[in-house]
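K.L.:
Got a predicted structure plus its sequence, pasted below:
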Amino acid sequence: MKAVNKGKILILTGNYGDGHIQVAQAIHEAIQIRFPSLEPVIFDFMEWVHPYSNHVSRFLYLQGVKKFPQLYGYIYQKTRRMNTFSRMMKTIFSSGIGRMVKLIEEVEPTVVVSTFPLAAAVMSKLKSYGLTDVPTVTTITDHTDHSCWIYPCTDQYIVGSRSVRDSLIDLGVEENRIADTGIPIRQQFSQSFQRDEIFAKHGLEPHLPTVLVMGGGCGLIGDGSSTLQELDALPQPIQLIIVCGHNEKLRMELEGNLKDSKHRIHLTGYINYVHELMAISDLMITKPGGVTTFEAIAMELPMLLYKPIPGQEQDNAKFLVRSGVAIQAETDRDLTDLLAKLLSNRELLQQMKENSKQFHPKESAFASVEIIKDTKESHSRIQDLMYSFGS
């Protein structure tokens, strides 16, 4: 029998929203820092298992969420708990066993970490068929629970909060298989910053109230240009930093439509220095993606949430508002009114910052890799015991 490489950790992710990839990178980075003797390896699960259909299915998924959000929300709620419909959906989407076996044979990992639910599904299926006995860890990338993450052969779950942990227990997951470490985030969100240097570096005005606008990787917030034009109704000028992500069409549209705004506008596309912009902002307007909002919590950046997608984003919004780190706006007018209220209420902003500290987010990635290493070592001990009994 071929010897197992004892140092490799396979991290499976998926490019269906940036959050899954960001968490995979955070775990990869934390392993390299905390356990340099181990070798983390990231694979895009969907790209590997479905190389020919992945781009089409990703396009259909993103377009479906964008253009038919109510339908997406309906399916999400119908499959939240284990039932006939959710089992059928799991069966449809958990294909790719042959390709997954090949990847495990090539990488020879001692533990597999999934930051994407379909990867967790296929790994559980492999274990149930006896095709591998590699221990598996699933990292849930939102502030909520859903049956799409839960599988009988998953050894360990890493979740963002005690409330998600309690929800998983209600779904039948054993308490000792759940660690509420916080969602793993990259180390750049845990460092200290010189605000004056960042303002100068990006040519920004340090004396204006600064609001960061994030719409996820697709760069959409509300109705795009029209939503942001409504902010001209604010009583005083502010500095708006608008991150359009991969949505170049939106960036060009905003460039034209906001050129006469009374606010100071700073537009960007996809960037790798969001942590710097969070460090200098007084407030962030965002869709409530699990990873972006946990990064904001680490930066103690108050949030104004707007138009969450039905499904996990609505769940995230409820969790964040209940935790006192965010306020949610329902309409464009509501967004403007709440923004004015927050910017004029320093005590409320400070309280939201203080509320962020309850999550200890700066240690989440390191706490997560400790769990991953413990899972790996527990499995090794069991194998050693079985070997000693067998001999």
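P.N.:
Sure thing, it's come through. Since the structure is predicted, the reported quantities are computational estimates derived from the model, not experimental observations. Numbers count the residues shown, from 1 in each chain.

K.L.:
So, low pLDDT: which residues of the stretch 101-250 of the chain?
P.N.:
216-226 (pLDDT under 70).

K.L.:
try 80 this time
P.N.:
215-228 (pLDDT under 80).

K.L.:
Which of the residues in the one helix or strand residue 62 maps to are classified as buried?
P.N.:
Assigned by DSSP states H and E, residue 62 belongs to helix 54-67. Using 16 or more other C-beta atoms under 10 Å as the test for burial, helix 54-67 gives 54, 58, 65. Where C-beta positions appear, they are placed from N, C-alpha and C, glycine not excepted.

K.L.:
Could you pull out the strands in the stretch 251-391 of the chain for me?
P.N.:
264-268, 283-286, 303-306, 326-329 (DSSP state E, counting those that start in this stretch).

K.L.:
Would you mind pulling up the elements that the longest one packs against?
P.N.:
Contact partners of strand 264-268 among helices and strands, from 3 or more C-beta pairs under 8 Å, 6 or more residues apart in numbering; DSSP states H and E: strand 239-243, helix 248-257.

K.L.:
The longest one packs against which elements?
P.N.:
So the one you mean is helix 248-257. helix 225-229, strand 264-268.

K.L.:
do the same with the first one
P.N.:
Other helices and strands packing on strand 239-243, by 3+ C-beta pairs under 8 Å, 6+ apart, are strand 210-214, strand 264-268, helix 274-280.

K.L.:
how does it look with 7 Å?
P.N.:
Counting contacts by 3 or more C-beta pairs under 7 Å, 6 or more residues apart in numbering; DSSP states H and E, strand 239-243 packs against strand 210-214, strand 264-268.

K.L.:
Please state the mean pLDDT value computed over the last one.
P.N.:
Along strand 264-268, the predicted local confidence has a mean pLDDT of 93.

K.L.:
cool, stretch 55-74 as well?
P.N.:
pLDDT averaged over stretch 55-74 gives 80.

K.L.:
quick one on the thing from earlier: deepest in the core, which of the helices and strands packed on strand 264-268 is it.
P.N.:
Highest mean neighbour count of these: strand 239-243, a mean of 23 (counted as mean count of other C-beta atoms under 10 Å).

K.L.:
Pull up the pairing partners for that strand, direction included.
P.N.:
strand 210-214 (parallel), strand 264-268 (parallel) (DSSP bridges).

K.L.:
So which of these is nearest residue 103?
P.N.:
Nearest to residue 103, of all these, is strand 210-214, at 33.2 Å by C-beta to C-beta.
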